[in-house]
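1. Requesting a structural model of the entry that follows:
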Amino acid sequence: MTTDVTISDRAARRIGEILKGEGSGAMLRISVEGGGCSGFQYKFDIDRARTDDDLVIEQDHAVVLVDSASQPFLAGSQVDFVDDLIGASFRVNNPNATASCGCGTSFSV
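-> Below you'll find the model as predicted:
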C-alpha cells in the first residue's frame, strides 16, 4: 500500500481559495484525532508553521501538511472536495478505514 496522501484537483482549487483569504504563509493541516462516533476523526486547521517531520503536499496554490502521527492513518488516502445537496465539504477517501460514520467525518481502522 502507498504511503502517499494526494489531493484531488477540486480539493486543490478549494484549498487554494481558502488559503488565499488567510494571507501569506497559510497552509492547511490535516490530522487524525481520537474521537467521533467511529473512533477517529479528521481535523482540518489553518497553520503557518511546518515541522521537519510533516508530510508536505503542494499542488497549484494549495499547501497541505500532515503530521507524522497522522500519516499512517492517512496512507494511500485522497482528499477531495464535494459540493452536493447536503453541503460542501472536504472528504477523505481513506483505504485504511474499515468503517465510517454516515457523515464521513469519523472512521475506524
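2. partner residues bridging the most centrally placed residue in the chain?
-> Centrality entry for the chain: nearest residue to the mean C-alpha point is I30, 4.2 Å, by Cα atoms, centre = their mean. Beta-bridge pairing for I30 (DSSP bridges): F44, V66.
3. Where does pLDDT dip in the chain?
-> 1-3, 36-38, 99-109 (pLDDT under 70).
4. Would you map the helices across the chain?
-> Assigned by DSSP state H, the chain shows helices spanning 9-22, 71-74.
5. So which bits of the longest one are buried?
-> Looking back up the chat, that one is helix 9-22. A11, A12, R13, R14, I15, I18, L19 (16 or more other Cβ atoms under 10 Å). (C-beta placed from N, C-alpha, C; glycine too.)
6. The fifth one and L85, how far apart?
-> Computed as Cβ to Cβ, to the nearest Å, the I15 to L85 distance reads 22 Å.
7. gap between the two ends of stretch 21-34?
-> Terminal residues of stretch 21-34 are spaced 30 Å apart (Cα to Cα, to the nearest Å).
8. so how far is it off the chain centroid?
-> On the basis of Cα atoms, centre = their mean, to the nearest Å, stretch 21-34 sits 9 Å off its chain's mean C-alpha point.
9. What lies in contact with it?
-> 5, 15, 18-19, 40-48, 50, 62-67, 69-70, 73-74, 79, 92 (Cβ atoms under 8 Å, 6 or more residues apart in numbering).
10. repeat that for 6 Å
-> Here stretch 21-34 makes contact (Cβ atoms under 6 Å, 6 or more residues apart in numbering) with 15, 19, 40-41, 43-48, 63-67, 70, 73.
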